[in-house]
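Chemist: with the sequence up front, the predicted model follows.
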Amino acid sequence: MVGATRQTGKGWRVRTVPLAPGLAAALAAVAVALAVHSLVPVLPAMTIAVVLGIAAVNLPGTSALCDGPLRAGLNFAGKHLMRVGIVFLGLKLSLGDIASLGWVTVALVVGVVLLSFAGTYALGRLFRLDGDLPLLIATGFSICGASAIGAMAAVKGTKHSDTVLPVALVTLCGTLAIGVLPLLMNPLGLDALQFGQWVGAGVHDVGQVVATAQTAGTVALSAAIVIKLTRVVLLAPIVGVVGGLERRRHVRRAQAADAPAGPLGTDSAGKPRFPPVVPLFVAGFLAMIVLRTTGWLPAGVVGAGSVAQDIALGAALFGLGASVRVGQLFKTGVRATMMALCAWALIAALAFGAVHLMGS
């Protein structure tokens, strides 16, 4: 039986936790999401996976299953398969494609990401969101949606349950972008290339970018994907900076308390353990980017990696969606939702300004 290890107050012990039912449900949901996406390409498969998860945990017939025999596997998918998906995401990135944009465009994209991150984080503090919510929302909105939220949560040591609301918000705003931004293309006087640049610089998740940009044709779609993937590359350095600051904070706290052990206890040699500056899966993400850039990988391998990324990330998003209680979200997430909508407008405005600077 597939199982997991649980921690008790007295230390680690092995306890068999049935993961197979929840993982099977998540994979089945991914199959449904991919099938729906193939029939209706404007609907991103990852968005469908989140919606299916939310529906599963809120409908009377399946709610008890999500909270009962499926829960362990769904939680495992939401945490660990998310990390697998992030690693394979690196196969979609080539540094050569980014270099072809030119240093001015790359600098503008980096500027949009940094200003979006700072502005969204400031909005989170202004709306008095609790804990790591401002940081997680800022990371997801400014870089690459749920994948970025998962990476930042790992660095910060954020509880799995605390990533549910940020993922729901990034899905909500990204879905709104699919419907709203194409309607603004002509009123704003954007041609296909400019529209693609705007979408790539301002929409959160890769799938949402594709769904939005393809409404304006292949020129818009190509521009959107390259600029979006340039934003994705920034996941590693931003996570690394936050990871370094987090590790430094833990070290100082341990020194101030004159504690012999770090916040994560001690290793087998009795040495203190602290949070990693860059998690192993982020290092894997970078390694995949390097492999793709070298051109050594056959097209079949890159394609297989893309499929693996869709399956892993889709299962993770279904697992996270299956933790979203709509009634509780309405009670506790109103301020966060208002803040997310403000951040969405801010990022769209920053991206719009960058597009005009790219063409000047």
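Modeler: Yep, that arrived. Numbers count the residues shown, from 1 in each chain.
Chemist: quick one, strands of the stretch 1-150 of the chain?
Modeler: 4-8, 11-15 (DSSP state E, counting those that start in this stretch).
Chemist: pLDDT (mean, whole number) over the first one?
Modeler: Averaged across strand 4-8, pLDDT comes to 50.
Chemist: how about stretch 345-353?
Modeler: Rounded mean pLDDT across stretch 345-353 is 96.
Chemist: report the buried residues of that stretch.
Modeler: 346-348, 350-353 (16 or more other C-beta atoms under 10 Å). In this view, the C-beta of every residue, glycine as well, is placed from N, C-alpha and C.
Chemist: between those, which sits nearest residue 96?
Modeler: residue 351 (23.5 Å; C-beta to C-beta).
Chemist: which SS state does the closest one fall under?
Modeler: helix (DSSP: H, G, I helix; E, B strand; the rest coil).
Chemist: so who does it touch?
Modeler: Taking C-beta atoms under 8 Å, 6 or more residues apart in numbering, we find residue 351 in contact with 112, 197-198, 201-202.
Chemist: with adjacent residues omitted, what lies nearest to residue 320?
Modeler: Excluding its sequence neighbours, the residue lying closest to residue 320 (C-beta to C-beta, 6 or more residues apart in numbering) is residue 78, at 4.4 Å.
Chemist: just for the protein, where's the confidence low?
Modeler: By pLDDT under 70, the low-scoring segments of the chain are 1-17, 254, 257-277, 360.
Chemist: please redo it, this time with the cut-off set to 50
Modeler: 1, 5, 7-14, 260-263, 266-267, 270 (pLDDT under 50).
Chemist: buried set for stretch 189-199?
Modeler: In stretch 189-199, counting by 16+ other C-beta under 10 Å, buried: 190, 192-199.
Chemist: make JSON lines from the residues you listed and add distance to residue 47 to it.
Modeler: Shown next, in JSON lines, are the buried residues of stretch 189-199 (distance: C-beta to C-beta, whole Å):
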{"residue": "190", "distance to residue 47": "24"}
{"residue": "192", "distance to residue 47": "24"}
{"residue": "193", "distance to residue 47": "25"}
{"residue": "194", "distance to residue 47": "25"}
{"residue": "195", "distance to residue 47": "20"}
{"residue": "196", "distance to residue 47": "20"}
{"residue": "197", "distance to residue 47": "22"}
{"residue": "198", "distance to residue 47": "20"}
{"residue": "199", "distance to residue 47": "15"}
